[in-house]
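K.L.:
What follows is a predicted structure for the sequence shown.
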Amino acid sequence: MASLPDFSAIKTAMHNYYHPLIRQGSPKPLWHTMMAVSFIMYTTSYIAYKGQVTSHKRDVQKKALHEYYEKHGGAPDH
């Protein structure tokens, strides 16, 4: 079984990278935080809601196209 990463080492590395930037007043930590929060929010929103809705819409569309091609002839690749 794989062992968990050493979070204290990650914490130390992040502190050593971001602390001087924050002290200087750099906008880089703010941008990194905004990007991380946006990524997490989009991902959880997609997993919780949008993924299911999109999957359902695709299934309905696939069924409708199948019925259309049976009724009118032709194939989806033409």
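P.N.:
In hand now; what should we look at?
K.L.:
contacting residues around the residue positioned nearest the centre of the chain?
P.N.:
In the chain, the residue lying closest to the centroid (C-alpha atoms, centre = their mean) is residue 43, at 3.5 Å. For residue 43, the contact set (C-beta atoms under 8 Å, 6 or more residues apart in numbering) is empty. (Each C-beta comes from the backbone N, C-alpha and C, glycine too.)
K.L.:
how about whatever helix or strand it lives in: buried residues?
P.N.:
Per DSSP states H and E, residue 43 falls inside helix 28-45. The neighbour-count check on helix 28-45 (16 or more other C-beta atoms under 10 Å) flags residue 29 as buried.
K.L.:
Dump the C-alpha coordinates for it into PDB.
P.N.:
Backbone C-alpha positions of helix 28-45 (Å, rounded to 0.1, in the frame of the first residue of the first chain) are rendered in PDB as follows:
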ATOM      1  CA  LYS A  28       1.400  36.100  -7.500                       C
ATOM      2  CA  PRO A  29       0.000  34.400  -4.300                       C
ATOM      3  CA  LEU A  30      -3.400  36.000  -4.900                       C
ATOM      4  CA  TRP A  31      -3.500  34.800  -8.500                       C
ATOM      5  CA  HIS A  32      -2.400  31.300  -7.500                       C
ATOM      6  CA  THR A  33      -5.100  31.200  -4.800                       C
ATOM      7  CA  MET A  34      -7.800  32.500  -7.200                       C
ATOM      8  CA  MET A  35      -6.800  29.900  -9.800                       C
ATOM      9  CA  ALA A  36      -6.900  27.100  -7.200                       C
ATOM     10  CA  VAL A  37     -10.300  28.100  -5.900                       C
ATOM     11  CA  SER A  38     -11.700  28.500  -9.400                       C
ATOM     12  CA  PHE A  39     -10.500  25.000 -10.400                       C
ATOM     13  CA  ILE A  40     -11.900  23.400  -7.200                       C
ATOM     14  CA  MET A  41     -15.300  25.200  -7.600                       C
ATOM     15  CA  TYR A  42     -15.600  24.300 -11.300                       C
ATOM     16  CA  THR A  43     -14.600  20.700 -10.700                       C
ATOM     17  CA  THR A  44     -17.000  20.200  -7.700                       C
ATOM     18  CA  SER A  45     -19.800  21.900  -9.600                       C
END
